[in-house]
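> just a sequence and a predicted model for now, questions to come.
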6 protein chains.
Amino acid sequence: MSSRYPFPDLNTLPEDIRAKILEVQEKSGFIPNVFLAFARRPAEWRAFFAYHDALMVPESVGRTSQLTKGDREMIVTTTSAANQCLYCVVAHGAILRIYEKKPQVADQVAVNYRKADISPRQRAMLNFAMKVCIASHEVEDADFEALHAHGFDDEDIWDITAITAFFGLSNRMASVTGMLPNPEFYLLGRVPKVKA
Amino acid sequence: MSSRYPFPDLNTLPEDIRAKILEVQEKSGFIPNVFLAFARRPAEWRAFFAYHDALMVPESVGRTSQLTKGDREMIVTTTSAANQCLYCVVAHGAILRIYEKKPQVADQVAVNYRKADISPRQRAMLNFAMKVCIASHEVEDADFEALHAHGFDDEDIWDITAITAFFGLSNRMASVTGMLPNPEFYLLGRVPKVKA
Amino acid sequence: MSSRYPFPDLNTLPEDIRAKILEVQEKSGFIPNVFLAFARRPAEWRAFFAYHDALMVPESVGRTSQLTKGDREMIVTTTSAANQCLYCVVAHGAILRIYEKKPQVADQVAVNYRKADISPRQRAMLNFAMKVCIASHEVEDADFEALHAHGFDDEDIWDITAITAFFGLSNRMASVTGMLPNPEFYLLGRVPKVKA
Amino acid sequence: MSSRYPFPDLNTLPEDIRAKILEVQEKSGFIPNVFLAFARRPAEWRAFFAYHDALMVPESVGRTSQLTKGDREMIVTTTSAANQCLYCVVAHGAILRIYEKKPQVADQVAVNYRKADISPRQRAMLNFAMKVCIASHEVEDADFEALHAHGFDDEDIWDITAITAFFGLSNRMASVTGMLPNPEFYLLGRVPKVKA
Amino acid sequence: MSSRYPFPDLNTLPEDIRAKILEVQEKSGFIPNVFLAFARRPAEWRAFFAYHDALMVPESVGRTSQLTKGDREMIVTTTSAANQCLYCVVAHGAILRIYEKKPQVADQVAVNYRKADISPRQRAMLNFAMKVCIASHEVEDADFEALHAHGFDDEDIWDITAITAFFGLSNRMASVTGMLPNPEFYLLGRVPKVKA
Amino acid sequence: MSSRYPFPDLNTLPEDIRAKILEVQEKSGFIPNVFLAFARRPAEWRAFFAYHDALMVPESVGRTSQLTKGDREMIVTTTSAANQCLYCVVAHGAILRIYEKKPQVADQVAVNYRKADISPRQRAMLNFAMKVCIASHEVEDADFEALHAHGFDDEDIWDITAITAFFGLSNRMASVTGMLPNPEFYLLGRVPKVKA
């Protein structure tokens, strides 16, 4: 099993993309495969990561969000599991472990979030995300009200929806193109001594 | 039924977004609701339309594609129908009618593409798109080979996948936020005298 | 794509069938394909249209119904979309537009009736019809009560059920035999000048 | 559990319906509930049984069919089980036992026709019927060819389709209206001494 | 249709298994196929029947249960029908008829338990069993509460769950190995004169 | 989230069960929760573990199997993921990592076995196991042949079926009773220095 599409040589990439990738490598210690897999199409790469950052790093676009970093990664991991996307479950599960400081939570939500050690608020958030993931055409007022009851406002609901929808895109791209998680992700955040 | 999220006033929007919207209005005669619905979050708006253009107007990013404009809109209309997204079926169905110069084709693929008046090559394309839409985790070599047999190469398959995935995002956003199609779309491309 | 079964010559048909077909042609300006497709088996033709008229034109059998003509066609269009029957969605969608005097409603209910511009009473009616269409074995008292709350009585519920069930028959026959909608249906009721 | 809709008094029914019901009673020893349940709406009753006879008793309308009586009842029992219709599985299962002279075959096809003691030709017939029942929009040339390989011609395929579709109507009506099988049906054809 | 795996000769079986089988034969008048089909693997045979008896004959292990014998067989028949297991529906349907002294109840729950002549308590029990059968990962507090409302306690719920789960195992083994019901089961409990 | 059913005190358990549990604790360094969760019903505990050992430790019952220990745990992990059973995915995923000496394989098969780094023979094995798990009533000759082509014989197929079926039982019990994995399982086999 390897990617169906060859990764481009880092040195052949447009400067902005190369710089961003090197920055990520510097910070993480390795280059997550999604950065290389999508780089063969620079315009799509730029749009993908701009969208990603607007949703997952809202402060990078001057926005605040009531969703925590852990909430966001939990949505990604849970809905990516529903879409059976190996790359996203493993990569974002790693980030989720780190942000939530819970080494078991990613495995829990990936198998069955109803059994996970998360708050009732997070469970309501995931119920909504799963409906967006699987049956968005059936979302109705009652679904909004269920989130309001847990303190989410409509901007938070937009966030949950957009994150679920964006990673639905990512899941489909990763599965079809055969993108596989870097080995590093499997262990990240699982044991104290592994640096995140 | 109306949008759950208010549209921003055009005059309050960042200049680049306002300019692009006015350009679209100039060309189309009206502002498709997606441009206003997403504008309340400028960073997401920019990423969304950059991604859209990279896939749907490849020449705008210096790329060529063997998929025709009609092929692309046919993928959007068919998979949006599978996701039951009213906005995208009606809006992109209109554009599909215009590009294919077939006033009935959008209704056909929206109900059952297996009965549509399209080429065997287009039917194979839609078979693949539907699998990406519904069960991307099961896509395998045989699915690639079925497309190769119709002359699609791996870049075309990337296109089909990315278009399906991107509009899966769009479908979920539109359905959850309650985005409705502009009345103009319903008739576009149906009768000779209606200007597209 | 054309019908798998040849249409009989109008002149070879039994007189009662031929007369009825000519009457429809006189009234509509064309012969809807269902009249010719089924005519190759006269006994089935007679039973089909007798059943159709008993449900869709109750006054023709001396019965009154609280369902309006538009209600009935709305049920047909919505459940035919769920069954992905091209003929019925296009043909009955046209009649629905005419009866409801809403040129957009057929496209709306065909894609996602939850987003359609219809009354809460009609939405409850369609919720029930969809359950009959997809999971009739699960219909229970609570489903009846939900309709009673909107003013439907048990005779109306019989009507909704029978219309949904009858067009489920029609949908299956049309899809398997390859029956396609006449081109005229696509435009009927969409623009003021088109005579209904 | 009893019918949601009261049965009419036999003596209040139109003469043609009353006569037919008495004839059935004379022949069977009891009145199958479907005859009474539908009689409250005479026009629908007439259309229903005219359609039924055209399909299930083709010689009554001057037509011959290569499907045997047992084949036809096997299609009804199998697809009614898929639709979870208690009335039709029990009533037509009884008739199937009698026609096939196999006291176990109805229980077998109702649970899992793939395990039933039937011919390969009948199994192919049921494969097709189940596709018509569950996913008629996906029926394609290959499905026709699979039946041709077993000696079925296109008229036989029309028969299989129409029987499946007609009893899909019957199943939905029976389940929603709460029509229950007469006690007599449960035992018919199970033991030699029970007269059919 | 016959078993994919040959049955062992009774005389070659370990003494404990042979003795138990002869005892069953003595009592029932025939050897239910499951006893022979599984005997080719003695260790699995012993575990299977030990588990079976612990759940279905609790007094044999010194336990009491508020579920009646009829309740237990009703769970088996209903969930085996959902799993489309011919052996278990026919064999346990027979036992259900005998225990409940209702010759029709097995056919009713096998087709659609919602239409069966059973108590509201039994219907609640089957609702829960079906959820365990089909979506055990979604079982939640509300499901327990629905059973408590009918007088079931948590030990009863363990029973319902374990019976459903154990026969899910049995269903899969029977279907894959091609185990068929003995002819005797089809008639047992249907008519007064047939000895149970 | 904790078990819905209290664990019994080890000292109150029957001697054979207590001894076995202490032996497991001695060997593993902790007591896997399944041993305590099921011990409140000794007869079921004995049958469960006897069945488990007959399938998973065939040499313990004097049988050999062509399935490796890794093959068996891979079936358990994959089908438990399909059933969304948190306990079994985490606990058996740990054992799978150890037996296969592949720290990533459990996460891979739990998310999407089609993307896992396993042999074509193992993938065929999992294809079959998934069909047994999800649609055992549809298993047919072609499924056996697909396994024969990879060198599996009918005894191996019995093994695959029985393991899938047995853990389907285990999955349902674990999910409904709220059995959660011991913390130790999450890390086992992931890093060289962690002793298995």
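Cool, the structure landed.
> so how far is the lengthiest helix in chain A from its chain's centroid?
What stands out as the longest helix in chain A, according to DSSP state H, is helix A:154-177. With Cα atoms, centre = their mean, to the nearest Å as the basis, helix A:154-177 stands 8 Å off its chain's centre.
> in chain A, which residue sits nearest chain C?
Nearest residue of chain A to chain C (Cβ to the nearest Cβ) works out as A:His137 at 4.9 Å. Glycine gets a C-beta too; all of them are placed from N, C-alpha and C.
> show me the contacts for the spatially closest residue to that residue that is not a sequence neighbour.
Leaving aside its chain neighbours, A:His137 sits nearest to B:Gln84 (3.5 Å; criterion: Cβ to Cβ, 6 or more residues apart in numbering or on different chains). By Cβ atoms under 8 Å, 6 or more residues apart in numbering or on different chains, the contact set of B:Gln84 is A:Ser136, A:His137, B:Asn171, B:Ser175, C:Val111, C:Asn112.
> what is the nearest of those to A:Ala149?
Among the contacts of B:Gln84, A:Ser136 lies closest to A:Ala149 (Cβ to Cβ), at 20.7 Å.
> okay, now the closest one: neighbour count?
23 (other Cβ atoms under 10 Å in any protein chain shown).
> would you quantify the distance from it to B:Gln84?
Per Cβ to Cβ, to the nearest Å, A:Ser136 is found 8 Å from B:Gln84.
> where do the contact lists of these two overlap?
Both A:Ser136 and B:Gln84 are in contact with B:Asn171, B:Ser175, where contact means Cβ under 8 Å, 6+ apart.
> which single residue of chain A ends up nearest chain D?
Chain D sits closest to A:His137 of chain A, with a gap of 18.0 Å, by Cβ to the nearest Cβ.
> wait, that residue touches B:Ala82, no?
No. Judged on Cβ atoms under 8 Å, A:His137 makes no contact with B:Ala82 at a distance of 9.9 Å.
> distance check, the most centrally placed residue in chain A against chain F.
Closest to where the C-alpha atoms of chain A average out (Cα atoms, centre = their mean) is A:Val76, at 4.0 Å. Remark: distance between A:Val76 and chain F (Cβ to the nearest Cβ, to the nearest Å) = 13 Å.
> do A:Ile134 as well
Per Cβ to the nearest Cβ, A:Ile134 is found 14 Å from chain F.
> list the contacts of A:Leu55.
Contact partners of A:Leu55, counting by Cβ under 8 Å, 6+ apart, are A:Arg72, A:Asp159, A:Ala162, A:Ile163, A:Phe166, B:Glu44.
> that one is in what secondary structure piece?
helix A:42-56 (DSSP states H and E).
> and that helix, which residues are buried?
Neighbour counts over helix A:42-56 (16 or more other Cβ atoms under 10 Å in any protein chain shown) mark A:42-52, A:54-56 as buried.
> just want the angle from that helix to helix A:154-177.
140 degrees (axes from the mean of the first three to the mean of the last three Cα atoms, to 10 degrees).
> near chain E, which residues of chain A?
Residues of chain A lying close to chain E (Cβ under 8 Å from any Cβ of the partner chain) are A:Asn112, A:Arg114, A:Lys115.
> out of those residues, flag the one nearest to chain E.
A:Asn112 (4.9 Å).
> the nearest residue to the closest one once chain neighbours are set aside in helix, strand or coil?
Spatial nearest neighbour of A:Asn112, chain neighbours left out: F:Gln84 (4.2 Å); criterion: Cβ to Cβ, 6+ apart. Of the three states, F:Gln84 takes coil under DSSP: H, G, I helix; E, B strand; the rest coil.
> any idea how far F:Gln84 is from E:Val139?
According to Cβ to Cβ, F:Gln84 stands 11 Å off from E:Val139.
> what about the helices in chain A?
Applying DSSP H to chain A gives helices spanning A:15-28, A:33-37, A:42-56, A:69-82, A:86-100, A:105-112, A:120-135, A:141-148, A:154-177, A:183-187.
> give the buried residues for the longest one.
With burial defined by 16+ other Cβ under 10 Å, the residues of helix A:154-177 counted as buried are A:156-177.
> A:Gly62: how many residues sit nearby?
With neighbours defined by other Cβ under 10 Å, the count for A:Gly62 comes to 8.
> without its sequence neighbours, what residue ends up closest to it?
B:Ala43 (7.9 Å).
> just checking, the one you found touches A:Ala50?
Yes. Assessed by Cβ under 8 Å, B:Ala43 is found in contact with A:Ala50 at 7.2 Å.
> can you add pLDDT and give the buried residues of helix A:42-56 back as TSV?
As requested, these are exported to TSV (pLDDT from 0 to 100):
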residue	pLDDT
A:Pro42	98
A:Ala43	98
A:Glu44	98
A:Trp45	98
A:Arg46	98
A:Ala47	98
A:Phe48	98
A:Phe49	98
A:Ala50	98
A:Tyr51	98
A:His52	98
A:Ala54	98
A:Leu55	98
A:Met56	98
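> spell out which parts of chain A neighbour chain F.
Close to chain F, as judged by Cβ under 8 Å from any Cβ, chain A has residues A:1, A:81, A:84-86, A:89-90, A:103-104, A:107-108, A:110-112, A:115-117, A:175, A:178, A:180, A:183, A:186-187, A:190-191.
> of those residues, grab the buried ones for ChimeraX.
Selection of the buried residues among those in ChimeraX, burial being defined by 16+ other Cβ under 10 Å:
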select /A:81,84,85,86,89,90,103,104,107,108,110,111,112,115,116,175,178,180,186,187,190
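> how about low-confidence regions in chain A?
Where chain A drops to pLDDT under 70, the residues are A:1-2, A:192-196.
> change it to 90
Applying pLDDT under 90 to chain A flags residues A:1-3, A:191-196.
> related to what we said a few turns ago, what's the residue nearest to the centre of chain A in contact with, if anything?
Shown in contact with A:Val76 (Cβ under 8 Å, 6+ apart): A:Cys88, A:His92, A:Leu96, A:Ile163, A:Phe167.
> tally of neighbours for the nearest residue to A:Ser170 once chain neighbours are set aside?
Leaving out its chain neighbours, the residue that sits closest to A:Ser170 by Cβ to Cβ, 6+ apart is A:Cys88, at 5.9 Å. When neighbours are defined as other Cβ under 10 Å, A:Cys88 has 26 of them.
> now the one 4 residues further on
When counting by other Cβ under 10 Å, one arrives at 29 neighbours for A:His92.
> ends of stretch A:178-185, how far apart?
17 Å (Cα to Cα, to the nearest Å).
> my bad, stretch A:77-87
In stretch A:77-87, first residue to last residue: 10 Å (Cα to Cα).
> which residues touch the nearest residue in space to A:Pro14 that is not next to it in sequence?
Excluding the flanking residues, the one nearest A:Pro14 by Cβ to Cβ, 6+ apart is A:Pro42, at 5.2 Å. By Cβ under 8 Å, 6+ apart, the residues touching A:Pro42 are A:Leu13, A:Pro14, A:Ile17, B:Val61.
> and the third one, what does it touch?
By Cβ under 8 Å, 6+ apart, the contact list for A:Ile17 reads A:Ala39, A:Pro42, A:Trp45, A:Arg46.
> can you check the first one too?
By Cβ under 8 Å, 6+ apart, the contact set of A:Leu13 is A:Ile21, A:Ala39, A:Pro42.
> can you check A:Ala124 too?
Contacts of A:Ala124 (Cβ under 8 Å, 6+ apart): A:Ala146, A:Leu147, A:Ala149, A:His150, A:Phe152.
> mind listing what the third one touches?
In this case it means A:Ala149. A:Ala124.
> again, 6 Å this time
A:Ala149 makes no contacts at all, as judged by Cβ atoms under 6 Å, 6 or more residues apart in numbering or on different chains.
> what's the answer for the fourth one, then?
Going by Cβ under 6 Å, 6+ apart, A:His150 touches A:Arg121, A:Ala124.
> what do you get for the first one?
Under the criterion of Cβ under 6 Å, 6+ apart, the neighbours of A:Ala146 are A:Ala124.
> mind redoing it with 8 Å?
A:Ala146 touches A:Ala124, A:Asn127, A:Phe128, counting by Cβ under 8 Å, 6+ apart.
> what's the answer for A:Leu96, then?
By Cβ under 8 Å, 6+ apart, the neighbours of A:Leu96 are A:Gly70, A:Glu73, A:Met74, A:Val76, A:Thr77, A:Val105, A:Ala106, A:Val109, A:Gly189.
> alright, that wraps it up for me.
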